[in-house]
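Colleague: Based on what follows, work out the 3D shape:
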Amino acid sequence: MGDRIELGRLVYTVFETRWLPQIGDGPAARVPQNRFFLIRLSVGKKGSADLLVPDMAIEDDRGMAYPALSDGEGVAQFLGVLHPVTAEGAAGTALFDAPPGHYRLRLSDEEGHRTALVDIPLSFGSELPEIPAENAGQK
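Modeller: Below is the predicted model of the structure:
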């Protein structure tokens, strides 16, 4: 993660990951079949041609693939499939529903001919809710 990955005219950088048991709170919360897996990344392009972010998937150690979800409701800066890559690039969060584990993110070029796998280490550190400083220490 953190490395620049060039595939055709697209340039990817994967920044961080996060596992969530749900998105949102209360009765309106979205609950996954497994766990929500969020991957924050950026996609740039070489040249001036209009490009879209291609389909992405994560693959586990047994070769099982989980495609990116097309519904990003509740995800800040959702980077869904077929998101346009502007001259400034595109940055945001891809969303998956998968059981916790070790994965590789499968990325592809703009035509889907070349692919690359990005190793994503298993980490649950981001699952802890953030406590605002003014509430810290209160019960």
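Colleague: C-alpha from now on. contacts and neighbour counts both.
Modeller: OK.
Colleague: hmm, who's touching the helix or strand hosting I5?
Modeller: Here I5 sits within strand 4-7, counting by DSSP states H and E. Strand 4-7 has contacts (CA atoms under 8 Å, 6 or more residues apart in numbering) with 11-14, 108-110, 114-116.
Colleague: next helix or strand past that strand?
Modeller: Past strand 4-7, the next helix or strand by DSSP H and E is strand 10-20.
Colleague: Quick one: mean pLDDT for stretch 28-43?
Modeller: The average pLDDT for stretch 28-43 rounds to 95.
Colleague: Dump that stretch to CSV, keeping only the CA atoms.
Modeller: The C-alpha trace of stretch 28-43 is given here as CSV (Å, rounded to 0.1, in the frame of the first residue of the first chain):
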residue,chain,number,x,y,z
ALA,A,28,-31.4,3.0,9.4
ALA,A,29,-27.9,1.4,9.7
ARG,A,30,-26.6,-0.6,6.7
VAL,A,31,-25.6,-4.1,7.8
PRO,A,32,-23.4,-6.2,5.5
GLN,A,33,-23.7,-9.9,4.9
ASN,A,34,-20.1,-10.3,6.2
ARG,A,35,-18.3,-7.0,7.1
PHE,A,36,-17.9,-3.8,5.2
PHE,A,37,-14.3,-3.3,4.0
LEU,A,38,-13.5,0.2,2.9
ILE,A,39,-10.4,1.0,0.9
ARG,A,40,-9.3,4.6,0.4
LEU,A,41,-7.5,5.2,-2.9
SER,A,42,-6.8,7.7,-5.6
VAL,A,43,-6.9,7.2,-9.4
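Colleague: quick one: buried residues of it?
Modeller: For stretch 28-43, burial by neighbour count (16 or more other CA atoms under 10 Å) applies to 32, 35-43.
Colleague: How far off centre is that stretch?
Modeller: In terms of CA atoms, centre = their mean, to the nearest Å, the centre of stretch 28-43 is found 8 Å from the chain centre.
Colleague: what does stretch 24-34 give?
Modeller: Remark: stretch 24-34 is offset 18 Å from the chain centroid, using CA atoms, centre = their mean.
Colleague: Can you list the buried residues in the strand holding I5?
Modeller: Residues of strand 4-7 classed as buried: 5-7 (neighbour count, 16+ other CA under 10 Å).
Colleague: Right, I'll call it a day here.
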